[in-house]
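1. Predicted model follows, preceded by the sequence.
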Amino acid sequence: MKWHDRFIKNKTFNKGDWALLFDSKFKDFKAKFTTHWLGPYEIEEIFDNGAVQIKTIDQESTSFLVNGHRLKVYNRPIDKEEFMKQLIQGT
């Protein structure tokens, strides 16, 4: 049990973060180039029991509850201007 527990990574989500949702219907489908992740979704609320309320990032913004184990953090892409601003501040 101790050996198994050291490989478990704790996921920390914050309100407003973006996340990808694992699509379990393709779990047994071993295709090489198909993605098993849906999204990105925006995190609205995190509950104590591990459930996370997420919403779509389009105009409809539909929200629903999912298990937190089915999510992984998605880093938002930045545009060229933001990248150049960070590059200038770093030097």
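-> That came through, no problem.

2. need the helix or strand of this structure with the lowest average pLDDT.
-> Sorting the helices and strands of the chain by mean pLDDT, DSSP states H and E puts helix 80-90 at the bottom, at a mean of 83.

3. Now it: buried residues?
-> By 16 or more other Cβ atoms under 10 Å, helix 80-90 has no buried positions at all. All C-beta atoms are positioned from the backbone trio N, CA, C, and that covers glycine.

4. go on, stretch 31-42?
-> So for stretch 31-42, counting by 16+ other Cβ under 10 Å, buried means 39-42.

5. In the chain, which strand is the longest?
-> Ranked by residue count and defined by DSSP state E, the top strand of the chain is strand 37-46.

6. Skip the chain neighbours and tell me the closest residue to the spatially most central residue of the chain.
-> The centroid of the chain falls nearest to residue 19 when counting by Cα atoms, centre = their mean (1.9 Å). Once flanking residues are discounted, residue 19 sits nearest to residue 71: 4.4 Å by Cβ to Cβ, 6 or more residues apart in numbering.

7. bridging residues for the one you found?
-> residue 21 (DSSP bridges).

8. Return the per-residue confidence for it.
-> If you check residue 71, the pLDDT there is 95.

9. which residues touch residue 50?
-> 67-69 (Cβ atoms under 8 Å, 6 or more residues apart in numbering).

10. For those, which entry has the maximal number of neighbours?
-> Within these, most neighbours by other Cβ atoms under 10 Å means residue 68, with 17 neighbours.

11. gap between that residue and residue 50?
-> Separation of residue 68 from residue 50 (Cβ to Cβ, to the nearest Å): 5 Å.

12. Check residue 19 too.
-> Per Cβ to Cβ, residue 19 is found 14 Å from residue 50.

13. What of residue 88?
-> Distance of residue 88 to residue 50, given as Cβ to Cβ: 41 Å.

14. picking that back up, so the residue nearest to the centre of the chain touches residue 54, yeah?
-> Yes - using Cβ atoms under 8 Å, residue 19 makes contact with residue 54 at a distance of 6.5 Å.
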